[in-house]
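Asker: Here you go, sequence then predicted model.
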Amino acid sequence: MKLFIPGPVNVDPEILKALSTPVIGHRTEEFHQLFATLQAKLQKLLFTENRIILPTSSATGLWEACILNCVEKSILHLVNGSFSSKWHEVSLACGRQADKLEAEWGKAVKPEMVEKALREKQYEAIAITHNETSTGVMNPLEEILEAAHRHGVMTFVDAVSSMAGVRIDVDRLGIDVCLASVQKAFGLPPGFAMASVSERAFEKSRKMRNKGYYFDFSALLKYMEKSETPSTPSIPHMFALDKQLDRMFAEGLENRFARHLEMAMLMRTWASEHFALFPEKGYESVTMTCIKNTKNISVSNLINELRKRGMVISNGYGPLMEKTFRIAHMADLQVKDIQELLGNMEDILKL
Ligand SMILES: *Cc1c(COP(=O)(O)O)cnc(C)c1O
């Protein structure tokens with residue numbers, strides 16, 4: 001089955017092979033080397049000198065890590081879809097005072113809205129979902145961060161479905177925590193995540209009380225100084241990630257980002273010709289496309305027919321089911337895979 005769903009994505013045989021590398025102890029010199037290599041390679045991918053934490057969890061765990069370590073009182077969540085909305089729920093579940101700055105689903109959160117909200121009330125931090133996977137909207141990260149910096153708030157960025165598919169200059173943009181899991185644009189099997197963490201975020205965590213145990217930045221930092229993790233990490237994922245990062249640099253980061261954009265442009269042209277794009281113009285995601293079902297087709301039927309041909313796409317997320325459908329073009333997928341998918345969809349839908 002070829003997966004065109006926005007996570008998990010297909011995993012290349014070379015990566016599957018790296019996953020079955022014989023296990024090593026996590027308190028050994030070999031592990032120290034693996035850990036240090038991953039640090040350097042992820043810093044290169046994210047254009048940052050910040051340290052990268054590698055706790056074993058999915059990205060949801062890192063949502064919680066941001067809140068537990070860095071938010072004492074209040075945080076502003078930018079919400080325009082299911083994922084950003086869930087992150088807000090995490091803050092509430094952690095007992096924090098969390099406000100929502102909402103934009104209609106399908107619309108982007110605009111920097112002017114952020115500027116206004118930050119002027120009206122004081123917050124410690126802001127949570128931004130870069131690519132809202134439920135609606136296919138890519139929020140204007142740079143402009144939103146500029147507004148955030150004018151108010152000195154800490155910045156947390158969920159780059160789960162954009163990191164490794166789109167350029168994110170963590171240091172130039174000034175992101176305190178930039179997080180992602182590996183089953184989206186990284187092209188690894190699910191079960192692992194990473195985040196770059198700024199000195200300011202580590203400093204804030206050091207003073208924080210009641211920050212839980214598993215995701216304590218101070219503990220992660222302490223072990224990181226010896227190239228280790230406090231508990232046993234998913235070592236197979238680390239071997240696979242190392243391999244995948246090598247493959248990314250072999251392709252060239254700029255080429256990789258350009259390939260993602262090329263697939264996105266192809267999808268957008270097709271969607272505009274036969275249906276319409278769900279996201280507001282100018283804010284379409286580069287790693288996935290959310291198509292508005294203007295022809296009122298049965299999306300589940302299309303999904304079933306495609307399955308028979310060995311391809312999987314996604315229905316709309318939550319309330320957008322049947323009203324939209326989503327096609328991911330990330331990780332190791334190539335332009336020819338998208339062309340093949342579109343050809344099959346045209347055939348099935350008799351377009
Ligand atoms: C998939 C996704 C998540 C959830 O990630 P998990 O690794 O499943 O915890 C969070 N945010 C966005 C934008 C996503 O696309």
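Answerer: All right, it came through fine.

Asker: Name the residues of the stretch 251-351 of the chain found near the ligand, please.
Answerer: If contacts are counted using Cβ under 6 Å from any ligand atom, no residue of the stretch 251-351 of the chain sits beside the ligand. Heads up, the C-betas are built off the backbone N, CA and C, glycines and all.

Asker: no no, the chain
Answerer: Residues of the chain found near the ligand, taking Cβ under 6 Å from any ligand atom as the criterion, are G7, S58, A59, T60, F83, T129, N131, T133, D158, V160, S161, S181.

Asker: In strands only, show me those.
Answerer: For these, membership in strands holds for T129, N131, D158, S181, with DSSP state E as the criterion.

Asker: Spatially central residue in this protein, please.
Answerer: Per Cα atoms, centre = their mean, the C-alpha nearest to the average position across the chain is that of V160, at 1.0 Å.

Asker: List the residues that contact it.
Answerer: In this structure, V160 makes contact with G7, A59, F83, N131, T133, L179, A180, S181, K184, judged by Cβ atoms under 8 Å, 6 or more residues apart in numbering.

Asker: Could you do S300 as well?
Answerer: N315, E322.

Asker: Torsion angles phi and psi at it?
Answerer: Taking degrees, to the nearest 10, you get phi -60, psi -30 for the backbone angles of S300.

Asker: L101 now?
Answerer: According to degrees, to the nearest 10, the main-chain angles of L101 amount to phi -110, psi 110.

Asker: what number of residues lie near the spatially closest residue to it that is not a sequence neighbour?
Answerer: Taking Cβ to Cβ, 6 or more residues apart in numbering, and ignoring the residues beside it in sequence, L101 has A117 as its nearest neighbour in space, at 4.8 Å. Using other Cβ atoms under 10 Å, the number of residues around A117 comes to 19.

Asker: Could you check the pLDDT of the one residue in the stretch 251-351 of the chain that gets nearest to the ligand?
Answerer: Distance from the ligand to each residue of the stretch 251-351 of the chain (Cβ to the nearest ligand atom) is smallest for M288, at 8.7 Å. What the model reports for M288 is a pLDDT of 98.

Asker: That one: neighbouring residues, count only.
Answerer: The burial count for M288: 30, using other Cβ under 10 Å.

Asker: was I right about it contacting T133?
Answerer: Yes - M288 is in contact with T133 according to Cβ atoms under 8 Å; the separation is 6.6 Å.

Asker: Need the overlap of contacts for the two.
Answerer: Common neighbours of M288 and T133 are listed as P6, S161, R326 (criterion: Cβ under 8 Å, 6+ apart).

Asker: Can you check my assumption that the last one lies in a strand?
Answerer: Okay, so that is R326. Yes - R326: assigned to a strand according to DSSP: H, G, I helix; E, B strand; the rest coil.

Asker: Am I right that V299 is in contact with R326?
Answerer: No - using Cβ under 8 Å as the test, V299 is too far from R326 to be in contact (9.7 Å).

Asker: now the helices: where do they sit in the stretch 201-350 of the chain?
Answerer: Per DSSP state H, counting those that start in this stretch, the stretch 201-350 of the chain has helices spanning 217-224, 235-251, 253-274, 299-308, 335-349. These are given in chain order.

Asker: so where's the protein shaky on pLDDT?
Answerer: Along the chain, segments meeting pLDDT under 70 are nowhere present.

Asker: Outline the domain layout of it.
Answerer: If the domains of the chain are taken from automatic domain parsing, they occupy 2-6+252-349, 14-250, with pieces of a single domain joined by a plus sign.

Asker: What residues are bridge-paired with I75?
Answerer: The residues paired with I75 through beta bridges, assigned by DSSP bridges, are A98, A125.

Asker: Please report the distance of V109 from the ligand.
Answerer: Here the criterion is Cβ to the nearest ligand atom, to the nearest Å. By it, V109 lies 13 Å from the ligand.
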